[in-house]
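In: 3D, please:
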Amino acid sequence: DAEKYLNGAVPGEPVKKDENSRRGNWGNQIEFVLTSVGYAVGLGNVWRFPYLCYRNGGGAFMFPYFIMLVFCGIPLFFLELSFGQFTSLGCLGVWKVSPMFKGVGYGMMVVSTYIGIYYNVVICIAFYYFFMSMTNLLPWTYCNNPWNTPDCTGVMGTPRTNATFANVSAVVSGLTEIVNRTKRTSPSEEYWRNYVLNVSDGIGNFGEVRLPILGCLAVSWVVVFLCLIRGVKSSGKVVYFTATFPYVVLTILFIRGITLEGAISGIKYYLTPQWEKILDAKVWGDAASQIFYSLGCAWGGLITMASYNKFHNNCFRDSIIISVTNCGTSVYAGFVIFSILGFMANHLGVDVSEVADHGPGLAFVAYPEALTLLPISPLWSLLFFFMLILLGLGTQFCLLETLVTAVVDEIGTDWIIKNKTYVTLGVAIVGFLLGVPLTTQAGIYWLLLMDNYAASFSLVVISCIMCICIMYVYGHKNYFKDVEMMLGFPPPLFFRICWRYVSPFIITFILIFTVIQYKPITYNDYVYPRWSLVIGFAMALSSVICIPIYALFKIAVSEGSTFLERLKNSVKPDPDWGPALQEHRKGRYATAGPESVEVCPLKEELKDEGKEKLKEKETEQKDEMGLTITGSNGSTLNPTPSA
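Out: Below is the predicted model of the structure:
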C-alpha cells in the first residue's frame, strides 16, 4: 500500500512500473516533487527576493507576498499541474482542449527558449567562478591585478601588509579612502567587469568572445544534456541531489553567517517592518510579480513536468507543497544573504543599503566580496557558487525538457519517441550556439535585455489567456468535472473562485502595474540605445504574437461556411482531448468525440441484451479498476466500456 501512495496512485488502482509505457512516467512521485521544486526554486530566490524585501518595507513586504501566494501563486500552480496531468501532454498538446488557443503553447515555447538561452549563460558564469575559487587566494581579493584601475579600493589592504600594525593601518587607510571617494570601486566589481566579462562600451560593440566563458557554457550544456539523456527517467534521479543539496549549502552559509559580527544588524535590516509601505501599490505589484515569476507560471514547464505523472496522482497536494517550499526558500535565502551583508556593512562602517544589491550584482559582486572577508574564503566561495550552479541547473532541466517534450508530442511518431535523446541533443546544440553571442564582451547587455523583456509582460498575457480559455471557453464546469474524475474529488471551492475571478484579476493587476511602472532598462550608468529597446520589445511580442496568428490560422482552416461557424468549430475540443490512456477515458470520454456521453442511457440500452450480461460486465469493470468514476452528469457510478 505504501508503494501505491509513493507512486501517486489512489487506493484500488493497479500499480504498474510505467502507467504510460509509450511516453513514460516519473519513477515515483518524490522525483516529480523534487524536479518541480528545482524548477521553481532558482537564482531569483537568492538574488531577487531578499533585495525586494528590504526595498519594499522589510518584514512588511512578507504580508502582501504571502497574500499573493495564496490567491494567485498556489491556484495558478495547481491549474497548470492539473492541466498537464489530465492529458499527459506537454505545453503544445494540451491545447486540444480548444485548438484555436494552441498559439498559447507556442508562446510558452518561445518564452522557454529565450529563458533557456540566457539562463545557461548565468550558470556558466557561476561555473567559471566556481573553478576560479579553487585557489589559496580568491582572485578578486586585492587591487594589485593587471585588470584593476586606480579607482579600485579593497577592504583587505594589500597582500604585502604582513605585520599586525601594517594590517590595521591598511584597513584604516582603506576605509578613509572609501569615505573620501564619491564612488568606491571594489576589487570584486572590477574582476567581474574588467576580467570575467571584459565589458565593451555598448550593446552594439560585441568585441571578442570570452573563451573561458565559452568553455564554461559548453560544460553547462553538456551537464544539462547528460542529465536529460533519458528524459525524466535520468533527470528524476539527478534531482535527488540538485534539488536538495542547495539547502545543505544554504544552511552551512546561514550558520556561518549568523556567527559573524554585524550579522544581526543585517537580518534586522532585512526583516524590520515599515508598515506605511503596505499602502503603496508598488509593494503589492512587486509581491505579485515576484510570486508569479518565481513559481514559473506560463513558462510551460509545470504543464510538461505534470504530464509525466500518473493519471490519478494528487497534484493538488503537490502544488501546495512545491509553492510553499519555493516561497519558504526565498525567505530562508534572505537570512543567509543579509547575515553576510550585515557583516560586510559592519566591516566597512557603512549602512547595509550601501552593500545590498540584486541580480547579477549580488551574486557576482557584493557576495563574492563579502566572502573575501571570511577565514578560509575559497571554501565558502566554492560552496556559494556550487549552490548557484545547482539552483540554476534545476530550472534549466525543466526548460530544456519543456522544449523537447513539445517537439516529441507534436510529431508523435514512434520513431521520434524512441529517439527522443537525439531531439534533446539537437535542442542542446542549438541552445549552445544561440548562447555564444552572450559570451562576447557585449554579452551582459544582451543577457539583461533578454531577462527584462523576453520573459516579462508576455508571461502575464499568456497566463491570463490560459485562464480565460480553460474557465470560460472550455467551461469551468467541464474542467471541474475533469479534475474530479482525475483526483477523485472536485477542486476545493476556494480554488474554483480563484481560477474564475481572483487570479485573472491579480494577473490583470500585474499587467497594468508592469505597464505603468515601466522604465527603460539601464546597466549601471549605461543607458540602452533606442534600437536595442525595440529589439527587446520585439522579443517580448514574439511570444504573444503567436496567439492571434495561430488563432486566425485555425479559424481559416476550420470547417464552416461562415466566420461564426468556423470560429465555433475552432474552439471545440479536439476528438482526442481527454485522458491519454483508454483505461482512464470514462464517462463523457468513453467515446472518441468530445461531446458528453450520458452513461445512464447506455445502461438502458444494454438492458435489452439481458440483465445478467450487464451485471457480468459491471463486475469485470469493478474488479479491473477498483474505484468509482464520476459521470459527466455528476452521478457517481461505474460505467461500462463503450461499444
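In: Could you use CA atoms for every contact and neighbour count after this?
Out: Noted.
In: For the residue nearest the centre of the chain, give its distance to residue 53.
Out: The C-alpha lying nearest the average C-alpha coordinate of the chain belongs to residue 296 (CA atoms, centre = their mean; 3.3 Å). Per CA to CA, to the nearest Å, residue 296 is found 19 Å from residue 53.
In: what do you get for residue 571?
Out: From residue 571 to residue 53 the distance is 43 Å (CA to CA).
In: Compare the two and say which is more crowded by neighbours.
Out: Counting neighbours by other CA atoms under 10 Å for residue 571 and for residue 53 shows that residue 53 has the greater number, 26 against 22.
In: in this structure, which spans are strands?
Out: Counting by DSSP state E, the segments of the chain that form strands are 522-523, 526-527, 629-630, 636-637.
In: which non-adjacent residue is nearest the residue nearest to the centre of the chain?
Out: Of all residues not flanking residue 296 in the chain, residue 40 sits nearest, at 5.7 Å (CA to CA, 6 or more residues apart in numbering).
In: cool, residue 85 as well?
Out: Excluding its sequence neighbours, the residue lying closest to residue 85 (CA to CA, 6+ apart) is residue 307, at 4.4 Å.
In: quick one, phi/psi of that neighbour?
Out: Torsion angles at residue 307 (phi, psi; degrees, to the nearest 10) stand at phi -70, psi -20.
In: so it makes contact with residue 84?
Out: Yes. Applying CA atoms under 8 Å, one finds residue 307 in contact with residue 84, separated by 4.6 Å.
In: Identify the contacts common to these two.
Out: Residues touching both residue 307 and residue 84 by CA atoms under 8 Å, 6 or more residues apart in numbering: residue 90.
In: More neighbours: those two, which one.
Out: A direct count of neighbours by other CA under 10 Å for residue 307 and residue 84 places residue 307 higher, at 29 against 26.
In: give the contact list for the more buried one.
Out: Contacts of residue 307 were listed using CA under 8 Å, 6+ apart, and they are 81, 84-90.
In: Below-threshold pLDDT in this protein: ranges please.
Out: 1-17, 157-184, 591-643 (pLDDT under 70).
In: if you set the cut-off to 50 instead, what comes out?
Out: Applying pLDDT under 50 to the chain flags the ranges 1-16, 160-182, 593-614, 616-617, 619-643.
In: Identify the residue nearest residue 429 in space, chain neighbours excluded?
Out: Using CA to CA, 6+ apart and skipping residues adjacent in sequence, the residue nearest residue 429 is residue 221, 8.0 Å away.
In: ugh, wrong one, residue 254
Out: Spatial nearest neighbour of residue 254, excluding adjacent residues (CA to CA, 6+ apart): residue 336 at 4.7 Å.
In: Residue 118 too?
Out: residue 447 (5.9 Å).
In: Settle this for me: that neighbour is touching residue 116, isn't it.
Out: No. Residue 447 is beyond contact range of residue 116, at 11.4 Å (criterion: CA under 8 Å).
In: Could you tell me how far the residue nearest to residue 254 is located from residue 372?
Out: As defined by CA to CA, residue 336 lies at a distance of 16 Å from residue 372.
In: got it, and residue 482?
Out: From residue 482 to residue 372 the distance is 56 Å (CA to CA).
In: now do residue 358
Out: 19 Å.
In: And those two? Which one has more around it.
Out: residue 372 (23 against 17).
In: Return the distance of the more buried one relative to residue 256.
Out: Here residue 372 is placed at a distance of 14 Å from residue 256 (CA to CA).
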